[in-house]
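# Build the 3D model from these lines:
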Amino acid sequence: MNAPGRRSPLAQVAVTAAVLCAGLIAIAVLTSLVGDRVFERVTTVLLISVVLTVALQLFMGNSGLSSFGHIGFMAIGAYSSLWFTLSPDEKNVTLPDMPPEWPMYGWQTPYLPAILLAGGVAALVGALLGVALVRLRGASFTIATFAFLIIVHSVALQWEPMTRGSRTVFGIPELTTIWWALGAALIAVIAALLFKESSLGLRLRAARDDEDAAASLGVHITWVRWVAWVLSVFITGAAGALWGHFITTFSPTAFYISQTFLIVAMLIIGGAGSVSGAVTGAVVVALSSEWLRRLEGWLNTQRADQTTLGQLIPIELRGFAEIVIAIAMILVLILRPSGIMGGREIGSPRFGRAVGPHPNPSPTAVGEGLPPRPAHRETPPSGGGG
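Coordinates of the predicted model:
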């Protein structure tokens, strides 16, 4: 039973989802009303970044395991979506090295099924990889996911029939609109919140906080990690399909270190402990990154024109946005490790009180929703007595 004045888990999900979704809808509607094409593109990328960050939070925030390989699944989703959405004539232009006798050469599906299929391909790869990965812990897991990112990048550079190799893919239809991105962001947020309050989410966080205690309560740790991992990479793959059909030209370099750094920075700055933190971090970092890039261009112009300010800049600025975001991430890790949101969900009764990234659960919190511990029977004393 819930304590007096305390919301039920579903009520809490409804409140948090309503606030987060209303904020994302407001951003999209205001962008549409402004009518500026550049601003609309920025907002669309922002919403896709929300999907990617929430997908990473779903696994990383609940399991406590850091993944640097999720952008590899974004690449799988982006490229595999081309196999499903392009007609044979379009494939002949975009993927000219794909043999016509291959089955996928003649495939063409509508956009929505293609997004789901792209997510499914990423989930299939993730499911096979996850059988081994979820048995790892700590730094071993993180290094293994980074190794997977390198593998995906290398395969994408070499597999010319399916990815065009190191050459830029072009001729992709621009199917992703701001409303497609908004819909995906809303679904991702609601799915992540529901998972967090589900029995699986509770078991996963119990295993995160104390594996031995969770195992003693009957939690199948590798199973709950595997389920969260597969769901997370499915959403990431679908986000890759959305991104690919929005950017319309890309190469394997788009899915590597820079994109990994950006999504991880969004989650850390916002706070990995909550879905609200993932959304907040994605919005703040995406908007800040765009503003910093424009500031970088303006400062370089001042330097080229040798204005009073420009004379104070000794070298041309490159990667200015990434440097500032990296500094911000370091400061957050030092000063507020739980991120902007402090590990709390918007609308939570305890919202605003910062906690560490992995708070110690109470026995009630760990045991709630888990199989009951077997009752201990006391052995009657033996010996004399009557």
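
# can we go C-alpha only for contacts and neighbour counts from here?
Will do.

# Could you check how far Gln302 is from Leu186?
To Leu186, Gln302 is 41 Å away according to C-alpha to C-alpha, to the nearest Å.

# So the two - more neighbours on which side?
Leu186 (21 against 17; other C-alpha atoms under 10 Å).

# so which strand or helix has the more buried one?
Remark: Leu186 resides in helix 178-197, with elements defined by DSSP states H and E.

# burial count for the closest residue to Tyr105 other than its chain neighbours?
In space, and not counting its chain neighbours, Tyr105 is closest to Pro88: 5.9 Å by C-alpha to C-alpha, 6 or more residues apart in numbering. The tally of other residues near Pro88 (other C-alpha under 10 Å) stands at 18.

# was I right about Pro88 contacting Gly106?
Yes. In this structure, Pro88 is within contact of Gly106 by C-alpha atoms under 8 Å, at 5.5 Å.

# Helices of the stretch 51-200 of the chain, residue ranges please.
In the stretch 51-200 of the chain, the segments counted as helices under DSSP state H, counting those that start in this stretch are 70-85, 88-94, 111-133, 138-158, 160-163, 178-197, 199-209.

# Buried deepest among these, which one?
Most buried of these by mean neighbour count (mean count of other C-alpha atoms under 10 Å) is helix 70-85; its value is a mean of 28.

# Just list what that one packs against, helices and strands only.
On a contact count with 3 or more C-alpha pairs under 8 Å, 6 or more residues apart in numbering; DSSP states H and E, helix 70-85 meets helix 111-133, helix 138-158, helix 221-247, helix 257-270.

# right, and the ones you listed - which one's nearest Ala22?
Smallest distance to Ala22 across the helices and strands packed on helix 70-85 (C-alpha to C-alpha): 18.1 Å, for helix 257-270.

# Tell me the buried residues in the helix or strand following the closest one?
With elements assigned by DSSP H and E, the helix or strand that comes after helix 257-270 is helix 275-304. Burial within helix 275-304, assessed by neighbour count using 16 or more other C-alpha atoms under 10 Å, is assigned to 275-283, 285-286, 289, 292-293, 296, 299-300, 302-303.

# Just give me the neighbour total for Glu101.
So Glu101, with other C-alpha under 10 Å, has 8 neighbours.

# Could you measure from it over to Pro88?
11 Å.

# do the same with Val227
35 Å.

# Same question for Ala28.
Where Pro88 is concerned, Ala28 sits at a distance of 34 Å (C-alpha to C-alpha).

# what sits against the residue nearest to Tyr105?
Residues near Pro88 by C-alpha atoms under 8 Å, 6 or more residues apart in numbering: 105-108.

# where does the chain dip in pLDDT?
Counting by pLDDT under 70, the chain shows low-confidence ranges at 1-7, 349-386.

# at 80 what do you get?
In the predicted model of the chain, residues 1-9, 347-386 satisfy pLDDT under 80.

# export the contacts of Pro88 to a markdown table and tack on neighbour count and distance to Leu204?
Shown next, in a markdown table, are these (neighbours: other C-alpha atoms under 10 Å; distance: C-alpha to C-alpha, whole Å):
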| residue | neighbour count | distance to Leu204 |
| --- | --- | --- |
| Tyr105 | 21 | 41 |
| Gly106 | 15 | 42 |
| Trp107 | 14 | 39 |
| Gln108 | 17 | 38 |
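
# Right, I'll leave it there.
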